[in-house]
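Asker: Sharing a sequence plus its predicted fold:
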Amino acid sequence: MTKKKRRLSHNVEIQEYKEATNITKRRKRFFDESSTPDTELTARDHFRVDVFYRIVDCLVAELRNRMGAYSAVQKLFGFLTEFESLTPEDVRKHAAHLVESYPEDLEPAFVDEFVQFTDILVSENNKTVSRMSELLKKDGGVMLSTFPNVAIALRIYLTLPINNCEGERYSQH
């Protein structure tokens, strides 16, 4: 019977946090500190405060950072899929801003190309960026020669997440 009790008590110890048996550290108090005793935390509370909350804080900070980055991408490329809700002048303005952001990759003709391309997209039900890219490559890429800058803009947009992941992977090593 005692072996069974030992096994049960051992299981309880595994399931519960073990109390830390360490020496209480006393630090020197400065003249402006109160003489109230320091808060003693259980091992469980110590883990929650010193480890878990720090991890959560780091995750929240990283998510905010990424949210800011992806908001900037959305601001720059969002008109590609939201063109129906924009006026033609706004579409031209957003397209011109994209050309200014990528002057080495996109020609100023992108603005007119995209306006013409949106006229073709009106008949499409699926107006996602990947569908737009597929539409350009349809029938052996006949439309690629008509809308080369649109194809380049879509490729830039579709490769941004890949570049982000690769950059993070290299920065971790």
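Answerer: Yep, it's here. Residues are numbered from 1 along each chain as shown.
Asker: per-residue confidence at the residue positioned nearest the centre of the chain?
Answerer: With distances taken as C-alpha atoms, centre = their mean, residue 66 lies nearest the centre of the chain, 4.2 Å away. Residue 66 carries a pLDDT value of 83.
Asker: okay, now the domains of the protein?
Answerer: Structural domains assigned to the chain are 42-77, 78-172, following automatic domain parsing.
Asker: With distance to residue 32 added, can I get these in TSV?
Answerer: C-beta here means a position set from N, CA and C on the backbone, and glycine is covered the same way. Below are the domains of the chain laid out as TSV (distance: least, C-beta to C-beta, whole Å):
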stretch	distance to residue 32
domain 42-77	25
domain 78-172	42
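Asker: so what's residue 98 up against?
Answerer: Neighbour list for residue 98: 76-77, 79, 106, 110, 153 [criterion: C-beta atoms under 8 Å, 6 or more residues apart in numbering].
Asker: following the helix or strand bottoming out on mean pLDDT in the chain, which helix or strand shows up next?
Answerer: Least confident helix or strand of the chain, by mean pLDDT, DSSP states H and E, is helix 2-15 with a mean of 55. Counting by DSSP states H and E, the next helix or strand C-terminal to helix 2-15 is helix 43-47.
Asker: Just the mean pLDDT for that next one, thanks.
Answerer: In the prediction, helix 43-47 has an average pLDDT of 79.
Asker: Pull the distance from that helix to the chain's centre.
Answerer: How far helix 43-47 lies from its chain's middle: 31 Å, per C-alpha atoms, centre = their mean, to the nearest Å.
Asker: Please save the CA atoms from that helix in CSV.
Answerer: What follows is helix 43-47, C-alpha atoms only, in CSV (Å, rounded to 0.1, in the frame of the first residue of the first chain):
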residue,chain,number,x,y,z
ALA,A,43,7.1,29.1,-8.5
ARG,A,44,3.9,29.1,-10.5
ASP,A,45,3.4,32.9,-10.1
HIS,A,46,7.1,33.5,-10.7
PHE,A,47,6.9,31.6,-14.0
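Asker: For the very next helix or strand once past that helix, buried residues please.
Answerer: Next along the chain after helix 43-47, taking DSSP H and E as the criterion, comes helix 53-77. Using 16 or more other C-beta atoms under 10 Å as the test for burial, helix 53-77 gives 76-77.
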